[in-house]
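Asks: Let me see the structure of the following:
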Amino acid sequence: MISGKFAITIHILTLLTKFPNDFLSSEFIAGSINLNPVLVRKEIANLKSHRLVESKEGKNGGTKLTVDPSSITLKAIFEMTFETINLGYAKNTPNPECPVGKKINQNLSNLYTNINRKISLQLEDITLEDFSNQF
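Replies: Model (predicted):
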């Protein structure tokens, strides 16, 4: 399902791009997003697992970008956040005797595949630097 994870992740990375030499605290980042620092740390953990950021603890600790913002696309960030967009399916099993019910999930699956293809095409030409330069 779609959530705000991509927006949160892009917000974090854009902030880190704007402060390339600083370790930003999760509290500072959370203040910019207006979000609980625990949720920010969760997304930072995902970014660390993909080696986009490094963190250090302590009084002057925080998180810092480890990649050149011109080298990573929004498509790559999207794929780190979600494998694909899934708008969901009905919780119940559709009636296989119904002309709509017997094919609804297959047709939704095809629709979602096309949506993901279009999103990927849109995001593959935008780097984190490009996006960050808008601010």
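Asks: Let me see the ranges of the helices in this protein.
Replies: 5-18, 26-33, 37-49, 74-81, 104-123, 128-132 (DSSP state H).
Asks: nearest to residue 58, of those helices?
Replies: For these, the distance to residue 58 is smallest for helix 26-33, at 13.1 Å, taking C-beta to C-beta. Bear in mind the C-beta positions are built from the backbone N, C-alpha and C, glycine included.
Asks: Report the rounded mean pLDDT for stretch 10-21.
Replies: Mean pLDDT, stretch 10-21: 95.
Asks: Not counting its own residues, what contacts that stretch?
Replies: 24, 29, 32-33, 40, 43-44, 47, 52-53, 63-65, 69, 74, 77, 128-129, 131-132, 135 (C-beta atoms under 8 Å, 6 or more residues apart in numbering).
Asks: run the last query once more with 7 Å
Replies: The contact list for stretch 10-21 (C-beta atoms under 7 Å, 6 or more residues apart in numbering) reads 24, 29, 32-33, 40, 43-44, 47, 53, 63-65, 69, 77, 128-129, 131-132, 135.
Asks: How about stretch 52-69?
Replies: 13, 16-17, 20, 22-25, 44, 47-48, 51, 127-129, 132.
Asks: go again using 8 Å as the cut-off
Replies: In contact with stretch 52-69 (C-beta under 8 Å, 6+ apart) are residues 12-13, 16-17, 20-26, 28-29, 44, 47-48, 51, 72, 80, 127-129, 132.
Asks: Separate out the buried members of those residues.
Replies: Buried members of the contacts of stretch 52-69, counted by 16 or more other C-beta atoms under 10 Å: 12-13, 16-17, 23-26, 28-29, 44, 47, 72, 80, 127-128, 132.
Asks: how close does the residue nearest the centre of the chain get to residue 43?
Replies: Among the residues of the chain, residue 6 comes closest to the average C-alpha position under C-alpha atoms, centre = their mean, at 2.7 Å. Distance from residue 6 to residue 43, counting by C-beta to C-beta, to the nearest Å: 10 Å.
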